[in-house]
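*Asks:* any chance you can model this:
(one chain, ligands or ions: 2)
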Amino acid sequence: MKPAANLTLLWPELPYLDRFAAAAKAGFTAVEVLFPYDLAAKETLRACVANGLQLILINAPPPNYTGGAQGFAAVPEQAARFRVDIQRSFRYATTLKVRYLHVMAGNGQGALARQTFIDNLIWAADIAPKGLTLTVEPLNPVAMPGYFMNDYALAADVLRAVNRPNVGLQYDSYHAQMIDGDAVAVFDQYKDLIVHVQLGDAPDRSAPGTGTVDFPALFAALRRAGYRGWVSGEYVPGPRTEDSLGWTTLS
Ligand SMILES: O=C(O)C(=O)[C@H](O)CO
Ligand SMILES: [Mg+2]
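*Replies:* Residues are numbered from 1 along each chain as shown. Ligands and ions are numbered 1, 2, ... in the order given. I've put the predicted structure just below:
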């Protein structure tokens, strides 16, 4: 297992570009940034290269969702916009040599939202740059009220319908615990679909070990499954991010 740091959440006290050096100093070789679109891609690339870091994941489509839309891949009225904006994400992903692109569904429910999400994912998967895997991540309804992709069974259903080798499941222990009450059981049930793992505790998305998720059992499940991918800390770290990194030694 390979630890990574989500720089949208970790080191919140530092300006964005300074977080890369902090992550490298803490021993990370890989990082995630949810929405890098406020800056030209080459600025983020420069920060990665200068600190010997690989950027493994970004979200799509732009713009930055802070205070705005939480994606729109499942929103029928936005289908045309999705097809334009996802290509901007692809350009960022290519420049930044990103491995995973989380395609955010946006708000909605029902059969039309499901079909729109599936159609958009198929369309995007078929034109995605080589080496890039698109991901679908269930986000819990307490954190994201009204968000379409809010359940692992729904994610499995969508992935079955999409049926593309470059589209997979993004598992997040915080969301899994909030959605199903047992993050370890969720991992075990959906492990064959999971291509990327993020860690946070529940119910407050705090650092691993400060809430209700059984992390020793989760790491045992990851090992049992032979999971070889990245395990990324995506949580609200508390006063000092460096004090929240004990989980990296579990992996
Ligand atoms: O909220 C999360 O857990 C995520 O990973 C998403 O990418 C939200 O941006
Ligand atoms: Mg997540």
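*Asks:* show me where pLDDT drops low in the stretch 151-251 of the chain?
*Replies:* 251 (pLDDT under 70).
*Asks:* got the residues of it near ligand 1?
*Replies:* 172, 175, 198, 234 (C-beta under 6 Å from any ligand atom). (Glycine included, C-beta is placed from N, CA and C.)
*Asks:* element containing the third one?
*Replies:* When secondary structure is defined using DSSP states H and E, the element that contains Gln198 is strand 194-199.
*Asks:* on that earlier part again, which one among the residues of the stretch 151-251 of the chain next to ligand 1 gets closest to Tyr37?
*Replies:* Glu234 (18.3 Å; C-beta to C-beta).
*Asks:* OK, now which residue of this protein is nearest to ligand 2?
*Replies:* Asp172 (3.5 Å; C-beta to the ion).
*Asks:* surely that residue and Thr135 touch.
*Replies:* No - using C-beta atoms under 8 Å, Asp172 is not in contact with Thr135, being 10.4 Å away.
*Asks:* related to what we said a few turns ago, and the strand holding Gln198, how far out from the chain middle?
*Replies:* 7 Å (C-alpha atoms, centre = their mean, to the nearest Å).
*Asks:* and if you look at stretch 150-161?
*Replies:* For stretch 150-161, the distance to the chain centre is 16 Å (C-alpha atoms, centre = their mean).
*Asks:* alpha carbons of it, in PDB - could you do that?
*Replies:* Extracted in PDB, the C-alpha atoms of stretch 150-161 (Å, rounded to 0.1, in the frame of the first residue of the first chain):
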ATOM      1  CA  ASN A 150     -24.700   8.600  -2.700                       C
ATOM      2  CA  ASP A 151     -24.600   4.800  -2.300                       C
ATOM      3  CA  TYR A 152     -22.200   1.900  -3.100                       C
ATOM      4  CA  ALA A 153     -24.900  -0.300  -4.600                       C
ATOM      5  CA  LEU A 154     -25.700   2.600  -7.000                       C
ATOM      6  CA  ALA A 155     -22.100   3.000  -7.900                       C
ATOM      7  CA  ALA A 156     -21.800  -0.800  -8.600                       C
ATOM      8  CA  ASP A 157     -24.900  -0.600 -10.700                       C
ATOM      9  CA  VAL A 158     -23.500   2.400 -12.700                       C
ATOM     10  CA  LEU A 159     -20.100   0.800 -13.200                       C
ATOM     11  CA  ARG A 160     -21.800  -2.400 -14.400                       C
ATOM     12  CA  ALA A 161     -23.800  -0.400 -17.000                       C
END
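*Asks:* and the end-to-end length of stretch 92-107?
*Replies:* 24 Å (C-alpha to C-alpha, to the nearest Å).
*Asks:* can you pull the buried residues of that stretch?
*Replies:* 92-93, 96, 98-107 (16 or more other C-beta atoms under 10 Å).
*Asks:* same deal with stretch 198-205?
*Replies:* 198-202, 205.
*Asks:* near ligand 2, list only the ones from the residues you listed.
*Replies:* Contacts with ligand 2 are made by Gln198 out of the buried residues of stretch 198-205, judged by C-beta under 5 Å from the ion.
*Asks:* circling back: contact partners for the residue of the chain closest to ligand 2?
*Replies:* 137-139, 197-200, 234 (C-beta atoms under 8 Å, 6 or more residues apart in numbering).
*Asks:* hmm, try it at 6 Å
*Replies:* The contact partners of Asp172, by C-beta atoms under 6 Å, 6 or more residues apart in numbering, come to Gln198.
*Asks:* what residues are bridge-paired with it?
*Replies:* On the basis of DSSP bridges, Asp172 is bridged to Gln198.
*Asks:* mind checking how far it is from Thr29?
*Replies:* Counting by C-beta to C-beta, to the nearest Å, the gap from Asp172 to Thr29 is 21 Å.
*Asks:* what of Glu43?
*Replies:* Remark: distance between Glu43 and Thr29 (C-beta to C-beta) = 20 Å.
*Asks:* identify the residues contacting stretch 81-93?
*Replies:* Contacts of stretch 81-93 (C-beta under 6 Å, 6+ apart): 41, 60-62, 72-73, 101, 120, 124, 129, 132.
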